[in-house]
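Colleague: Prediction below, plus the sequence it came from.
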Amino acid sequence: MAPGCFSASRQALAGADVLVDPRVAKAKYARELERLRAQAPLLSSRGVFVVADVYPNVDVLFVPLRPPHFAIDVGQAASSLIIQAPMKVPRGATLRAEGRLDMLAPRPFIGRFGLDNFDLFPPSLRFLDPATKAPLQAQQLVIGHLMAEDGRTLQRVLLDGHPVHQRPFLCLRGIREYHDHPQHSGDDWLLYRKSMGLFHAVDLVWRTVVAPMQLRLIASAGRVDLLWEMEKKP
Amino acid sequence: MGNDKTEKKFTLVFIINGEDVTVSVNANNPLHVARDRALKDSGNEGRPFPEWEIRREDGSPLSPDAKIEDVGGLADGTRLLLSLKAGAGGC
């Protein structure tokens, strides 16, 4: 059967509760969780922590560690503005001060990975508030990007309004919402399931949403701009 | 009559889907030799090897064609990540 044909069938079955024998699914869930926990030292160094595991979900807390940078036109800054950070004012004609706000970082979030029917289905991903577990909206999340293979083009990969799931989603291979998207019905998960799993999905979120994105605040001429930039690796 | 080209062996640890796979290769080899061996040893032969990306633990990519001894920051026992290309976009 052609992968695309199966994909269409899988989308039709997406509402079904159980497709994989629960004993098999739970054994694979346990294996995936064990693999994730085995990499705890690496993950924690990235600000990534497993905080709950109740079958079929694994809740992973992502804590962005990169503080925002700022640039302020000193001539325009109000005298009452308190900047609790070391500032560097370049010599010369420029009035711009630049620095890093070490006490701040983008908001943490929980990625809830759903392994129901794994690995007939890939892991699903929901973005939740860490305190309330309420779903986060797209505008509450860092705009995730992936560097294209040319090393120059940024592809936006955290998108809003999934046509099937109706929520923000990561448009990347190995994530259920990508494979359930009608525009990816020809890129079936079954082609990859032996090579991807929970660790891969967690790594993808960190690599595209958390690690590379640098917030830059630029205040000048009576306005403040917030820019997300992707860190350029050498 | 000795060979003055001494073979320098390198041990690299590849993290593949959360599992550590250790391989020992000659430092003169390009990195893809180590990648391919790790994928074979771990039974990850379902996808073409060039589809797998090599990354450092900080997420930065490494060229599979670079000689191991020429890649900065690699030491015996260094841990690297191997993952299939993510294939983004198009939504």
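Modeller: Yep, it's here.

Colleague: low pLDDT regions in chain B?
Modeller: B:1-6, B:88-90 (pLDDT under 70).

Colleague: interface residues of it facing chain A?
Modeller: By CB under 8 Å from any CB of the partner chain, the residues of chain B that approach chain A are B:15, B:17-20, B:44, B:46-47, B:57-61, B:79, B:81, B:83-91. Backbone N, C-alpha and C define where each C-beta goes, glycine included.

Colleague: if you set the cut-off to 6 Å instead, what comes out?
Modeller: B:17-19, B:44, B:46-47, B:57, B:59-60, B:83-84, B:86-91 (CB under 6 Å from any CB of the partner chain).

Colleague: where along chain B do the strands fall?
Modeller: With DSSP state E, the ranges of strands along chain B come out as B:9-16, B:19-26, B:52-55, B:61-62, B:79-84.

Colleague: Would you mind giving the orientation angle of the longest helix that chain A contains with respect to strand B:9-16?
Modeller: For chain A, the longest helix by residue count, based on DSSP state H, is helix A:22-38. Going by axes from the mean of the first three to the mean of the last three CA atoms, to 10 degrees, helix A:22-38 is angled at 130 degrees with respect to strand B:9-16.

Colleague: For chain A, which segments count as strands?
Modeller: A:48-54, A:57-62, A:69-73, A:87-88, A:96-100, A:109-114, A:124-128, A:145-147, A:154-156, A:158-159, A:169-170, A:213-220, A:223-230.

Colleague: Could you list the buried residues of the first one?
Modeller: What it means is strand A:48-54. Across strand A:48-54, burial judged by 16 or more other CB atoms under 10 Å in any protein chain shown covers A:V48, A:V50, A:D53.

Colleague: got it, and the last one?
Modeller: In terms of neighbour count (16+ other CB under 10 Å), strand A:223-230 has its buried residues at A:M230.

Colleague: List the pairing partners of that strand within its sheet, with orientation.
Modeller: Strand A:223-230 pairs in its sheet with strand A:213-220 (antiparallel), by DSSP bridges.

Colleague: before we move on, the earlier item: with mean neighbour count added, can I get the strands of chain B in TSV?
Modeller: Listed next are those as TSV, based on neighbours: other CB atoms under 10 Å in any protein chain shown:
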stretch	mean neighbour count
strand B:9-16	19
strand B:19-26	16
strand B:52-55	19
strand B:61-62	18
strand B:79-84	21
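
Colleague: who wins for proximity to A:A30 among the ones you listed?
Modeller: Distance to A:A30, taken as CB to CB, is lowest for strand B:19-26 among the strands of chain B, at 14.4 Å.

Colleague: Please save the CA atoms from the closest one in CSV.
Modeller: The C-alpha coordinates for strand B:19-26 follow below in CSV (Å, rounded to 0.1, in the frame of the first residue of the first chain):
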residue,chain,number,x,y,z
GLU,B,19,20.4,5.7,23.2
ASP,B,20,24.2,5.9,23.4
VAL,B,21,26.1,4.2,20.6
THR,B,22,29.9,4.1,21.0
VAL,B,23,32.2,3.7,18.0
SER,B,24,35.9,3.7,17.6
VAL,B,25,37.3,5.1,14.3
ASN,B,26,40.5,6.4,12.8
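
Colleague: and it with helix A:22-38, angle?
Modeller: Using the same axes, to 10 degrees: strand B:19-26 against helix A:22-38 is 50 degrees.

Colleague: who does strand B:19-26 touch, helix- and strand-wise?
Modeller: On a contact count with 3 or more CB pairs under 6 Å, 6 or more residues apart in numbering or on different chains; DSSP states H and E, strand B:19-26 meets strand B:9-16, helix B:31-41.
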